[in-house]
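Chemist: coords please:
(2 chains)
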Amino acid sequence: MPDTLEQMDTRLEGQLRDALATPWVTIVWNDPVNLMNYVAFVFRSYFGYSAAEADRLMLLVHNEGRATVASGNREQMERHVAAMHGYGLQASVAREDA
Amino acid sequence: MTSVQLTDAGRIRIDFEPDEATMLADLAGQIADLITDAPHDSAFTRLFPPAYRDDSAAAAEFERFERAGLAEGKVNAARTVHAAASVGELDPGEIVEVELDDDDVWPWLTHLTDVRSVLADRLGIEDDDSEIQPDDELLTLLPLYDWLGWLQGAIIAALESLEVGEGAVTGEGGEAD
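Modeler: Numbering: from 1, shown residues only, chains lettered A, B, ... in the order given. All right, here's what the predicted structure looks like:
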């Protein structure tokens, strides 16, 4: 569906503001469905993390209920979150200081 | 009983009992229909979770841009599994052999999570410590839910054995996260 020019302007403004503001993060949340080895496997495959880093993040998700798995600009984080939803993980975008 | 192995070519091969393959194919078909046809389902909050937890406007905007693509991916994954697990008439005792191409692995893994997410919704599994006491109608879903998790874990274990260069193994399921 094409955007109207007005919507595009609004979105561009938002992107400019975001680029200058606090970085954003991708958070993966614990859920009762996904297996620990699946979560770690997704982190290795998608983000390219080492087995040790993927396991560390997976255990954070498991034990603390959430883990920050990436940070950067808002658009990148939305792309990561969409990918995580594609894998069936519970993930969300937030400001880094939130 | 279902077994998961690596072939000499490094591919995943799953041997199903006919009943198990039929059940998996039926479920996959139902999930594809659910995502395609249902305007809303209680499982959708698990399949399509909000991308912003404290900003409903941003979450709605994300959904507007991403939902169709996500749904398409999940439906395609369900159809991949449905096609592979659908078998015609079999002789008694015959095994259903499914070999996954490299392109099939992620559709299988993600679909197994999606179908478990829907079953978890029906069973009322809300967190790691949920004590499930399903009524009679739902009782058959619980072993199915566990079996699907075992299958996903076994596929991952086989893939991991490939990563570290071991030979073919029969994988073991993992603990629920």
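
Chemist: quick one: contacts for the residue of chain B found nearest chain A?
Modeler: When you check chain B against chain A by Cβ to the nearest Cβ, the closest residue turns out to be B:T113, at 3.3 Å. Placement of C-beta: from N, CA and C, glycine included. When contacts are counted by Cβ atoms under 8 Å, 6 or more residues apart in numbering or on different chains, B:T113 touches A:33-34, A:38, A:87-88, B:152.

Chemist: Could I have the buried ones of the residues you listed as PyMOL selection syntax?
Modeler: A single PyMOL command selects the buried members of the contacts of B:T113 (16 or more other Cβ atoms under 10 Å in any protein chain shown):
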select buried, (chain A and resi 33+34+38+87+88) or (chain B and resi 152)
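
Chemist: Which members of the contacts of B:T113 are positioned in helices?
Modeler: Among the contacts of B:T113, the members found in helices (DSSP state H) are A:38, A:87, B:152.

Chemist: Can you tell me the closest non-neighbouring residue to the last one?
Modeler: Looking back up the chat, that one is B:Q152. The shortest distance from B:Q152 to any non-neighbouring residue, by Cβ to Cβ, 6 or more residues apart in numbering or on different chains, is to B:L112 (4.1 Å).

Chemist: and the one you found, what is it in contact with?
Modeler: Shown here is B:L112, whose contacts under the criterion Cβ under 8 Å, 6+ apart are B:148-149, B:151-152, B:155.

Chemist: Let me know the closest of the contacts of B:T113 to A:H62.
Modeler: For those, the residue nearest A:H62 by Cβ to Cβ is A:N34; the value is 9.7 Å.

Chemist: Looking at the closest one now. What's its pLDDT?
Modeler: Per-residue confidence (pLDDT) for A:N34: 97.

Chemist: so it sits right up against A:L89, yeah?
Modeler: Yes - counting by Cβ atoms under 8 Å, a contact exists between A:N34 and A:L89, whose distance comes to 6.3 Å.

Chemist: Work out for me the element the spatially most central residue of chain B sits within.
Modeler: In chain B, the centroid-proximal residue (Cα atoms, centre = their mean) is B:L112; its distance is 0.9 Å. Using DSSP states H and E, B:L112 falls within helix B:102-123.
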